[in-house]
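Student: structural data only, the sequence is not supplied:
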């Protein structure tokens, strides 16, 4: 079972797709079958939601039907690891459940990591994504501080990365997107409340990340001399990360919406997303011709695709605000402002 596990507007887990998947499957589940949940969820969901539905059919877990959890570990857009090279974590409701699930995955993955329970496997995915949320949000907070201190955070990170131990580089940006990092940690935060516990790191990281689009819009407004109304702004990249066509939870969307509300004339270019609907307005991806770039007052780089002509953007745009350091190696005449160094050159 691999279905969406979103949050409600109140940041409470929405399990309607999980329940629907089980309900739809129940008529076809027979003795001896193995049910594996792969969707991101909170620790205990497999035991609390899936098992009772199966038991309602008179099936005994670990005897009649076998149940396990194995988090998906897909990283869209990355080309370093093939799917089968990424170790697969799996935990079963019983020892036999774990054994059968491990056997299935060993036919696909080079390495299977079997843990003691479904809860451990469920928590594993949340820890992985919570770590990324917290560290990326910390870099976003540092980006705002370094802006005030006139320090280029990207240069700081490059220097810190030369340390051969004890440092893992994370990078700032306009905000965290996708279906995992902005959502999964809030599942853990929600579940923690059932134990009268607040995961304060996650709450703080979520707050910082949530505020990044506002911060970016404020900087665009500042560099346009507070004349954002009727300014022509070209958004470069709409997806939540480079080299994918996924706009789920993308920070680009609230940035575009806020710019439109402030009266800006917003266009965008994205090689993978031909059209978008933002604030009730249908937009189509523009070409990155020299003429198109020149006709805009500002190019705002929000997604650092691998195949974009950044030199052309820098050459022809009067102002480039780069939130991803995509223009790092390009010489410019002061028209480029980089996130964390927006007050500097």
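Tutor: Sure, I can see it. Small disclaimer: the values here were computed from a predicted structure and weren't measured. Numbering: from 1, shown residues only.

Student: state the distance from residue 265 to residue 295.
Tutor: Using C-beta to C-beta, to the nearest Å, residue 265 is found at 10 Å from residue 295. Glycine gets a C-beta too; all of them are placed from N, C-alpha and C.

Student: let me know the outermost residue of the protein.
Tutor: residue 58 (39.6 Å; C-alpha atoms, centre = their mean).

Student: what strand or helix carries that residue?
Tutor: Using DSSP states H and E, residue 58 sits in no helix or strand.

Student: can you pull out the strands in the protein?
Tutor: 34-37, 66-69, 88-92, 112-114, 232-236, 265-269, 275-278, 281-284, 298-301, 320-322, 336-338 (DSSP state E).

Student: I'd like those as CSV, with mean neighbour count appended.
Tutor: As requested, those are exported to CSV (neighbours: other C-beta atoms under 10 Å):
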stretch, mean neighbour count
strand 34-37, 21
strand 66-69, 26
strand 88-92, 25
strand 112-114, 18
strand 232-236, 22
strand 265-269, 20
strand 275-278, 15
strand 281-284, 12
strand 298-301, 26
strand 320-322, 26
strand 336-338, 24
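
Student: for the ones you listed, give me JSON lines that also has distance to residue 255 and mean pLDDT.
Tutor: JSON lines is the format used below for the strands of the chain (distance: least, C-beta to C-beta, whole Å; pLDDT from 0 to 100):
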{"stretch": "strand 34-37", "distance to residue 255": "35", "mean pLDDT": "97"}
{"stretch": "strand 66-69", "distance to residue 255": "36", "mean pLDDT": "98"}
{"stretch": "strand 88-92", "distance to residue 255": "35", "mean pLDDT": "98"}
{"stretch": "strand 112-114", "distance to residue 255": "39", "mean pLDDT": "98"}
{"stretch": "strand 232-236", "distance to residue 255": "7", "mean pLDDT": "97"}
{"stretch": "strand 265-269", "distance to residue 255": "9", "mean pLDDT": "96"}
{"stretch": "strand 275-278", "distance to residue 255": "10", "mean pLDDT": "93"}
{"stretch": "strand 281-284", "distance to residue 255": "13", "mean pLDDT": "92"}
{"stretch": "strand 298-301", "distance to residue 255": "8", "mean pLDDT": "96"}
{"stretch": "strand 320-322", "distance to residue 255": "11", "mean pLDDT": "96"}
{"stretch": "strand 336-338", "distance to residue 255": "15", "mean pLDDT": "91"}
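
Student: take those strands and lay them out in a markdown table including distance to residue 11.
Tutor: Output for the strands of the chain, formatted as a markdown table (distance: least, C-beta to C-beta, whole Å):
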| stretch | distance to residue 11 |
| --- | --- |
| strand 34-37 | 21 |
| strand 66-69 | 22 |
| strand 88-92 | 26 |
| strand 112-114 | 30 |
| strand 232-236 | 27 |
| strand 265-269 | 28 |
| strand 275-278 | 23 |
| strand 281-284 | 27 |
| strand 298-301 | 28 |
| strand 320-322 | 30 |
| strand 336-338 | 32 |
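
Student: that older thread, now do the same contact list for the residue farthest from the centre of the chain.
Tutor: residue 64 (C-beta atoms under 8 Å, 6 or more residues apart in numbering).

Student: please redo it, this time with the cut-off set to 10 Å
Tutor: By C-beta atoms under 10 Å, 6 or more residues apart in numbering, the residues touching residue 58 are 31, 64.

Student: do you know the pLDDT at it?
Tutor: Looking at residue 58, its pLDDT is 92.

Student: equivalent analysis for the one 4 residues further on, please.
Tutor: Residue 62 carries a pLDDT value of 97.

Student: could you do residue 227 as well?
Tutor: Value for residue 227, per-residue pLDDT: 86.

Student: check residue 342 too.
Tutor: Residue 342 carries a pLDDT value of 65.

Student: one step back: now for residue 265 and residue 295: what residues contact both?
Tutor: In contact with both residue 265 and residue 295: 232, 234, using C-beta under 10 Å, 6+ apart.

Student: my read: residue 177 touches residue 248, true?
Tutor: Yes - in this structure, residue 177 is within contact of residue 248 by C-beta atoms under 10 Å, at 6.8 Å.

Student: for the residue lying closest to residue 137 once chain neighbours are set aside, what are its contacts?
Tutor: Spatial nearest neighbour of residue 137, excluding adjacent residues (C-beta to C-beta, 6 or more residues apart in numbering): residue 205 at 3.8 Å. Residue 205 sits next to 130, 132-138, 140-141, 176, 181-182, 185, 199 when contact means C-beta under 10 Å, 6+ apart.

Student: and which of those residues is nearest to residue 235?
Tutor: Ranked by distance to residue 235 (C-beta to C-beta), those are led by residue 176 at 17.7 Å.

Student: what's around that closest one, how many residues?
Tutor: A count of nearby residues for residue 176, using other C-beta atoms under 10 Å, gives 27.

Student: state the distance from it to residue 49.
Tutor: 27 Å.

Student: what's the residue farthest from the centre of the chain sitting at in phi/psi?
Tutor: Note on residue 58: backbone dihedrals following degrees, to the nearest 10 are phi 80, psi 10.
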